[in-house]
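A.B. asks: need a structure here:
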Amino acid sequence: MEKQTPRDRLNYSGELNPVVDRLCIAYGVGKPTGFSIIEVGYDDCNIVINTPDQKYLAKIFSKTRSAEDIARYTTI
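C.D. replies: Residues are numbered from 1 along each chain as shown. Reported below is the predicted structural model:
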């Protein structure tokens, strides 16, 4: 089995800057000043987002996750 990076797990192949920008707008956390992908993990893509006031963690679910999996995860 080939090792996947967190970005490989996404159903998205573009730059992540617009995704991070949209996340920050959607959650009203301020303009991002930077972000980094957490390379450790085995299923989803976790991103640390820096803003002028805080750091946030965003989880972008893997392309293998179903809507039911995501719904269940958000209720745990």
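A.B. asks: ranges for the strands of the protein?
C.D. replies: 34-38, 45-50, 55-60 (DSSP state E).
A.B. asks: what's the shortest one in contact with?
C.D. replies: Contacts of strand 34-38 with the rest of the structure, by Cβ atoms under 8 Å, 6 or more residues apart in numbering, involve 6-7, 16, 20, 45-50. C-beta: built from backbone N, CA, C; applies to glycine.
A.B. asks: 7 Å - rerun?
C.D. replies: 6-7, 20, 45-50 (Cβ atoms under 7 Å, 6 or more residues apart in numbering).
A.B. asks: Can you give the strand pairings for it, parallel or anti for each?
C.D. replies: strand 45-50 (antiparallel) (DSSP bridges).
A.B. asks: ok so, going back, would you reformat the contacts of strand 34-38 as CSV and include distance to residue 38, pLDDT and neighbour count?
C.D. replies: Output for these, formatted as CSV (distance: Cβ to Cβ, whole Å; pLDDT from 0 to 100; neighbours: other Cβ atoms under 10 Å):
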residue, distance to residue 38, pLDDT, neighbour count
6, 7, 82, 19
7, 11, 85, 13
20, 13, 97, 19
45, 8, 91, 23
46, 4, 93, 16
47, 7, 95, 20
48, 6, 97, 13
49, 11, 98, 21
50, 13, 98, 15
